[in-house]
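Novice: coordinates only, no sequence provided:
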């Protein structure tokens, strides 16, 4: 009761009536000002700003025409190997010589391309239908490299045509990323079997389709005659060596910019 009487006596004192009333402390005024500034900036950004989202996926460098697995049409022993891995061959070019009961037979390439894997060796015995080599279809050494990335089916619909893509080559990570744009988006999701048929490699297909079917996105790499690789990088020169097909990469596809206020609208 003593404290209450003292408070009432101060209010009843006429000497206190002309003193200003303090509504807030200076610290409170500063906090209020900062809050108002932040809210104003947020509103302006929500109306005029944009968000650039990306879709990341694994992929591979290729010539865009796919690969095929070459199978021997005969049974016998391999007595000659005419090519090496990495070598380019023309259509119907002989790759192997197989000695059969009817005589020597040549195993020839179905389409022109580059030998990416050679299974058969001199002295090995092959049976009809056995895999002996994998070839990547390419018409000439001047064909441009492309990046094929396999994006989740749920995000493929958001990939616009000509969207910029940053392609990371793990072996050249210190030299930045390759620049490219979306050239084409697959119409439907592909299964592991379909990816295997295109790449000619079941292990890679299993890696790219892990977690479900994927939609292939073909990325055209930006050319740059001033770099050793012949393609544009985020750095000035890029790596001091050329790129090769069947190199594993990862791609970050830049999706269309979205305004934050659109998220709030129904």
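Specialist: Great, that's in hand. Because the structure is predicted, anything quoted here is derived from the model rather than measured.

Novice: what helix or strand is the residue lying closest to residue 248 once chain neighbours are set aside on?
Specialist: Among residues not flanking residue 248 along the chain, residue 60 sits closest, at 5.7 Å (C-beta to C-beta, 6 or more residues apart in numbering). C-beta coordinates here come from the backbone N, C-alpha and C atoms, glycine included. In the assignment (DSSP states H and E), residue 60 maps to strand 54-62.

Novice: tell me the strands beside that strand, with direction?
Specialist: Strand pairing for strand 54-62, using DSSP bridges, gives strand 146-152 (antiparallel), strand 248-254 (antiparallel).

Novice: strand partners of whatever helix or strand comes next after it, parallel vs antiparallel please.
Specialist: Using DSSP H and E, the next helix or strand after strand 54-62 towards the C-terminus is strand 67-71. According to DSSP bridges, strand 67-71 forms sheet pairs with strand 131-137 (antiparallel).

Novice: so which of the strands paired with strand 54-62 gets nearest residue 106?
Specialist: strand 146-152 (31.7 Å; C-beta to C-beta).

Novice: got the contact list for that closest one?
Specialist: 55, 57-64, 159, 165, 167, 178, 180, 183, 190, 195, 208-209, 211-212, 214-221, 249-251, 253 (C-beta atoms under 8 Å, 6 or more residues apart in numbering).

Novice: and for stretch 94-105?
Specialist: 70, 72-83, 89, 106-109, 115, 118, 120, 126, 132-133.

Novice: first-to-last residue distance for that stretch?
Specialist: With C-alpha to C-alpha, to the nearest Å as the measure, stretch 94-105 spans 10 Å from end to end.

Novice: list buried residues within the contacts of strand 146-152.
Specialist: 55, 57-64, 159, 165, 167, 178, 180, 183, 190, 195, 208-209, 214-221, 249-251, 253 (16 or more other C-beta atoms under 10 Å).

Novice: in the sheet, who's paired with the residue nearest to residue 248?
Specialist: Residues in a beta bridge with residue 60, per DSSP bridges, are residue 148, residue 248.

Novice: brilliant, that's me finished.
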